[in-house]
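*Asks:* How does the following fold in three dimensions:
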Amino acid sequence: MAEHQPLLGKIALVTGASRGIGKGIALDFADAGADVVVTARTVADLEQTAKEIEAKGRRALVARMDAYDYESVEASIDAAVGHFGGLDILVNNAGGSRNVEGGWLGFMDVDVKTLDEVFRLHVSSPYVAAQRAAEVMIDQGRGGSIINISSALGFYPSPRVQNYSAAKVALNELTKLWAVDLGPYGIRVNAIGPGITRSATTEKLFATPEAEEAASQLVPLRRLGEPTDMAQCAIFLGSDAGAWVSGATIMISGGQRF
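*Replies:* Okay, here's the model as predicted:
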């Protein structure tokens with residue numbers, strides 16, 4: 001059973017789990033045996049994710065969370081502990097380069113207010129979530145796993161989207177630093193850097209089969225990533241199979257170098 005459900009008995013919280021990569025991770029975590037807390041701003045979409053988790057035979061909890069509101073972020077961690085009695089895995093997924101107006105622009109077109117907002121979403125909010133989750137995990141005394149969803153642009157920053165790239169570079173570096181601080185408590189901290197992955201954002205960017213095919217041709221494996229591609233890596237990082245992996249950021253891009 002452990003081979004097929006490597007997260008059996010684990011309690012996981014996935015932020016931004018209403019769609020895309022976050023939802024894919026939440027559902028694959030359930031297949032892997034975890035009970036899952038799903039958070040985002042859109043409760044109706046979260047409830048659908050929760051129903052799909054429960055249909056897989058696992059428990060789910062919906063916790064509305066606004067990633068820009070630090071009290072809301074902390075409250076979602078507390079809700080997980082209050083409902084399930086603990087927390088073993090945190091996935092910091094909430095975000096997106098196009099979730100901030102002007103977030104997909106270059107240096108001369110972005111004011112510092114937008115830069116602050118991008119960093120609040122992609123750096124400060126994960127910081128708050130990881131800190132509260134680490135407090136819980138340390139008190140539990142059984143270790144844990146924190147997984148940050150970064151981006152391939154954290155490896156290959158883009159001049160067309162500098163603020164988002166810089167935020168992901170920062171998140172990658174914080175991942176290494178948190179791993180050092182939390183390692184003595186048995187808490188592993190890693191990140192995943194997705195390449196072009198199928199999501200609500202890519203559906204808008206590649207609205208026609210021709211546009212998607214053109215994007216796929218940029219990828220050596222000749223297809224876009226799927227949420228489950230990221231989810232399977234997250235399962236590894238959250239399970240005993242990844243017991244000696246910490247401080248790593250794994251780029252999953254089908255071989256594409258941006």
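*Asks:* Report the helix or strand with the lowest average pLDDT across the chain.
*Replies:* Among the helices and strands of the chain, helix 200-205 carries the lowest confidence by mean pLDDT, DSSP states H and E, at a mean of 73.
*Asks:* name the helices or strands packed onto that one?
*Replies:* helix 209-216 (3 or more C-beta pairs under 8 Å, 6 or more residues apart in numbering; DSSP states H and E). (C-beta placed from N, C-alpha, C; glycine too.)
*Asks:* mind listing what's buried in the helix it packs on?
*Replies:* 212, 215 (16 or more other C-beta atoms under 10 Å).
*Asks:* Mind giving me the packing neighbours of that helix?
*Replies:* helix 200-205.
*Asks:* in what helix or strand does residue 191 lie?
*Replies:* strand 187-194 (DSSP states H and E).
*Asks:* distance between that strand and the chain's centre?
*Replies:* Centre-to-centre, strand 187-194 and its host chain are 9 Å apart (C-alpha atoms, centre = their mean, to the nearest Å).
*Asks:* So which bits of that strand are buried?
*Replies:* For strand 187-194, by 16+ other C-beta under 10 Å, it's 187, 188, 189, 190, 191, 192, 193, 194.
*Asks:* pLDDT score assigned to the second one?
*Replies:* We note a pLDDT of 99 for residue 188 in this prediction.
*Asks:* all strands of the stretch 151-258 of the chain, in order?
*Replies:* 187-194, 249-252 (DSSP state E, counting those that start in this stretch).
*Asks:* Export those strands as CSV, with columns for distance to residue 179.
*Replies:* Output for those, formatted as CSV (distance: least, C-beta to C-beta, whole Å):
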stretch, distance to residue 179
strand 187-194, 4
strand 249-252, 10
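*Asks:* what distance separates the least confident helix or strand of the chain from the centre of its chain?
*Replies:* Here helix 200-205 is found 18 Å from its chain centre; the criterion is C-alpha atoms, centre = their mean.
*Asks:* Alpha carbons of it, in PDB - could you do that?
*Replies:* C-alpha atoms of helix 200-205 as PDB (Å, rounded to 0.1, in the frame of the first residue of the first chain):
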ATOM      1  CA  ALA A 200      -6.100  28.800 -17.000                       C
ATOM      2  CA  THR A 201      -3.300  31.200 -17.900                       C
ATOM      3  CA  THR A 202      -1.900  29.100 -20.700                       C
ATOM      4  CA  GLU A 203      -5.400  28.500 -22.100                       C
ATOM      5  CA  LYS A 204      -5.600  32.200 -22.600                       C
ATOM      6  CA  LEU A 205      -2.100  32.500 -24.000                       C
END
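*Asks:* ok so, going back, any idea which of the buried residues of strand 187-194 is closest to residue 54?
*Replies:* Nearest to residue 54 out of those is residue 192 (C-beta to C-beta; 25.6 Å).
*Asks:* Name the residues that touch the strand or helix carrying residue 14?
*Replies:* Taking DSSP H and E as the criterion, residue 14 maps to strand 11-15. Strand 11-15 is contacted by residues 22, 25-26, 29, 34-40, 63, 65, 67, 73, 76-77, 80, 84-94, 129, 133, 238 when judged by C-beta atoms under 8 Å, 6 or more residues apart in numbering.
*Asks:* what about residue 53, distance to residue 243?
*Replies:* 25 Å (C-beta to C-beta, to the nearest Å).
*Asks:* higher neighbour count, the two?
*Replies:* residue 53 (26 against 11; other C-beta atoms under 10 Å).
*Asks:* That one reaches residue 36, doesn't it?
*Replies:* Yes - counting by C-beta atoms under 8 Å, residue 53 touches residue 36, with 5.4 Å between them.
*Asks:* so what sits against both of the two?
*Replies:* Contact criterion C-beta under 8 Å, 6+ apart; residues shared by residue 53 and residue 36: 26, 30, 59, 60.
*Asks:* What about those residues, which are in helices?
*Replies:* 26, 30 (DSSP state H).
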